[in-house]
Structures are given as C-alpha cells and as structure tokens.
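Colleague: What follows is a predicted structure for the sequence shown.
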Amino acid sequence: MEMSGVVDLVAHSFENGNVQMRSSIPLGPVAPLAVASSSAVPAPADTAASIVLQIQRWEDADVQSKLGELYDSVNNGEGGGMLKSLRRIMPVTRTRMDWKNAGVHRLARTMAERGEQQQQQQQQQVGGGR
C-alpha cells in the first residue's frame with residue numbers, strides 16, 4: 001500500500017491592494033509506517049494508525065517546514081524579501097518616501113484638502129450672494 005497527496009494553500013492579504021499567494025506541496029508516494037501487528041494482514045486499526053502517523057510525519061517534515069521557509073522568504077529573504085520586491089521602489093514623484101515621517105505627509109495632505117474645501121465654500125458663498 002502506498003500513500004500520496006497534495007496540500008494546496010491559498011492565502012490572501014490586502015494592503016492597499018490585493019496580494020494572493022498560492023502554494024502546492026506534493027506529498028509521497030510512500031509506504032505508511034509499519035505498525036506492529038501479530039498477523040500477516042494488518043488489522044484495520046493498525047492500518048489507520050500507520051496512516052495517521054504518516055500524515056503527522058508529512059505535516060511536520062514537509063508541510064510546516066516548507067511553509068516556514070516560504071514565509072521567511074516572503075518577509076525577509078534574499079534581496080529584501082518578496083513583498084518588498086512587489087512594492088514600488090520609487091513613488092510616482094521620484095522621491096523616496098520617508099516612512100518615519102509618514103504622519104507629517106498625512107497631515108499635509110489633510111490640510112491641503114481642508115484648504116480646498118474652504119476655497120470651494122467661499123466661492124459658493126460669493127457666487128450665491130449675487
């Protein structure tokens with residue numbers, strides 16, 4: 001008797017855009033671990049126990065370790081990680097974003113938007129007073 005299988009993983013993240021990760025991990029084919037049996041033909045309980053042991057072995061050795069390596073490479077692998085490589089290095093303005101001062105940029109944008117709103121309100125008041 002041989003066992004084989006595949007673990008298909010789909011992960012989704014949203015960070016100002018959709019990011020999906022798909023992974024497929026093939027398992028086997030292998031013969032399940034032998035469980036001590038007193039007869040030549042293993043009992044169903046022994047067969048089930050050997051199948052469960054093989055699934056646990058696959059989960060520990062193949063699935064969890066490969067997913068750990070994948071997540072490490074995504075976050076901080078060679079070259080700064082896969083996620084960093086997906087992001088734009090230089091913004092449209094061609095200047096690097098100083099992430100330490102992101103609050104200042106947000107504040108400036110908010111103030112500019114409020115200034116535009118006030119100008120529109122003043123124009124509406126002047127135009128409505130005629």
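Modeller: That came in fine, so what should we check first?
Colleague: Quick one: mean pLDDT for the longest helix along the chain?
Modeller: Ranked by residue count under DSSP state H, the longest helix found in the chain is helix 102-128. Helix 102-128 shows a mean pLDDT of 84.
Colleague: so what does that helix touch, helix or strand wise?
Modeller: Where contact means 3 or more CB pairs under 8 Å, 6 or more residues apart in numbering; DSSP states H and E, helix 102-128 is not packed against any helix or strand. For glycine as for every other residue, the C-beta is placed from the backbone atoms N, C-alpha and C.
Colleague: Tell me which stretches of this protein form helices.
Modeller: Applying DSSP H to the chain gives helices spanning 44-58, 65-76, 82-86, 102-128.
Colleague: possible to save these as a markdown table with distance to residue 25 and mean neighbour count?
Modeller: Listed next are those as a markdown table, based on distance: least, CB to CB, whole Å; neighbours: other CB atoms under 10 Å:
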| stretch | distance to residue 25 | mean neighbour count |
| --- | --- | --- |
| helix 44-58 | 9 | 14 |
| helix 65-76 | 6 | 13 |
| helix 82-86 | 18 | 14 |
| helix 102-128 | 38 | 10 |
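Colleague: okay if I get those as CSV plus distance to residue 14?
Modeller: Formatted as CSV, the helices of the chain follow (distance: least, CB to CB, whole Å):
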stretch, distance to residue 14
helix 44-58, 31
helix 65-76, 15
helix 82-86, 13
helix 102-128, 19
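Colleague: Let's see the pLDDT reported for residue 26.
Modeller: 91.
Colleague: Could you do residue 20 as well?
Modeller: The model reports residue 20 with a pLDDT of 78.
Colleague: How far does the longest helix of the chain sit from its chain's centre?
Modeller: 38 Å (CA atoms, centre = their mean, to the nearest Å).
Colleague: Then stretch 46-59?
Modeller: Mean C-alpha position of stretch 46-59 versus that of the full chain (CA atoms, centre = their mean) differs by 29 Å.
Colleague: Quick one: mean pLDDT for it?
Modeller: 89.
Colleague: Kindly report the same for stretch 65-76.
Modeller: 77.
Colleague: And that stretch, how far out from the chain middle?
Modeller: Between the centre of stretch 65-76 and the centre of its chain there are 10 Å (CA atoms, centre = their mean).
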